[in-house]
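> here are the coordinates; sequence isn't available:
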């Protein structure tokens, strides 16, 4: 049986990328980026503040961390809510001790169910970005465009009503997008997205509706990945973050400023037996002459000011 000739006809077959979303950009060929005040590594903390409905949905897929045992899964529901009620406030205290600001990716349902949290975040000077509606609000190809747009708009407008201003950034649940997501985010007024993980620096993505900045958050540098999945201790986690920081300092001397992302889950890192190591990590990074603790929006603004 021979291969149908149509399989050999591909309009994007060419040198470089087989799509138009972004251009190839090998690390050594880029113009160096300089962060403010001579800092070389931007440390960007992203906290996922999420609400899990007690009845999970599997369309288009079940979100990571969702309910597991038969309904009503109080064990996992209350474990997740621990992060909202207790763990998140430990994180806020830790940030305040080190004098740093973080980016908080917030489900819209958090603003509806726990409105005081939004005020607490903003009063401490942290940044809020949209993180879908709730943990049933997953996105993947196959989701109707109208449904995806409605989900994005609902998340944006709910947070905007609670914040008094529109969120600039977006992170999808599980960083999962459809073919339409970048364009829809542009059309609905977002400046940047935090879903793609193919770089250590922001870069510009192009859609039919215009451009949007992608700021990568490496999925390996995540407490869910390292603790919940790989079963590492918090001491192991802090050592890996410190190793990444030390490596990026050296690399920045050759190629310009770098970004060290760390994604944090309140119901994982916010447990009492992990907080001492976490606070020591923040203090060490904040005490370095090379670190610039910055929100995702601050990193995007600094990067764009040097690339426009």
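That came through, no problem. Just so we're clear, the structure is a prediction, and the values are computed from it rather than from any experiment.
> so, low pLDDT: which residues of this structure?
Scanning the chain for pLDDT under 70 picks out 1, 308.
> grab the longest strand from it for me.
strand 41-49 (DSSP state E).
> packing partners of the helix or strand just after that strand?
In the C-terminal direction, the helix or strand that comes right after strand 41-49 (DSSP states H and E) is helix 74-82. If you count contacts as 3 or more Cβ pairs under 8 Å, 6 or more residues apart in numbering; DSSP states H and E, helix 74-82 packs onto helix 266-269. (Glycine included, C-beta is placed from N, CA and C.)
> can you spell out which helices and strands pack onto the helix it packs on?
Against helix 266-269 (3+ Cβ pairs under 8 Å, 6+ apart) you get strand 41-49, helix 74-82, helix 88-98, helix 272-286.
> turn the ones you listed into JSON lines, including distance to residue 200 and mean neighbour count.
Shown next, in JSON lines, are these (distance: least, Cβ to Cβ, whole Å; neighbours: other Cβ atoms under 10 Å):
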{"stretch": "strand 41-49", "distance to residue 200": "10", "mean neighbour count": "25"}
{"stretch": "helix 74-82", "distance to residue 200": "30", "mean neighbour count": "16"}
{"stretch": "helix 88-98", "distance to residue 200": "23", "mean neighbour count": "18"}
{"stretch": "helix 272-286", "distance to residue 200": "16", "mean neighbour count": "16"}
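> do you know which of these lies nearest residue 57?
Among these, helix 74-82 comes nearest to residue 57, with 14.6 Å by Cβ to Cβ.
> can you give me the angle the closest one makes with helix 88-98?
30 degrees (axes from the mean of the first three to the mean of the last three Cα atoms, to 10 degrees).
> distance from helix 74-82 to the middle of the chain?
22 Å (Cα atoms, centre = their mean, to the nearest Å).
> what does that helix rub up against?
By Cβ atoms under 8 Å, 6 or more residues apart in numbering, the surrounding residues in contact with helix 74-82 are 50-52, 54, 65-69, 266-267, 270.
> redo the residues you listed as JSON lines? Include neighbour count.
Converted to JSON lines, the contacts of helix 74-82 look like this (neighbours: other Cβ atoms under 10 Å):
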{"residue": "50", "neighbour count": "24"}
{"residue": "51", "neighbour count": "23"}
{"residue": "52", "neighbour count": "24"}
{"residue": "54", "neighbour count": "14"}
{"residue": "65", "neighbour count": "21"}
{"residue": "66", "neighbour count": "23"}
{"residue": "67", "neighbour count": "21"}
{"residue": "68", "neighbour count": "10"}
{"residue": "69", "neighbour count": "10"}
{"residue": "266", "neighbour count": "26"}
{"residue": "267", "neighbour count": "25"}
{"residue": "270", "neighbour count": "25"}
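> between the residues you listed, which is closest to residue 106?
Closest to residue 106, out of all of the contacts of helix 74-82 and judged by Cβ to Cβ, is residue 50, at 8.2 Å.
> can you pull the contacts of that closest one?
Counted by Cβ under 8 Å, 6+ apart, residue 50 has contacts 65, 80, 83, 107, 110, 131, 134-135.
> which of the residues you listed has the most neighbours?
Neighbour counts for these, by other Cβ atoms under 10 Å, peak at residue 131, which reaches 30 neighbours.
> contact partners for that residue?
48-50, 105-107, 155, 170-173.
> need phi/psi at it.
phi -140, psi 50 (degrees, to the nearest 10).
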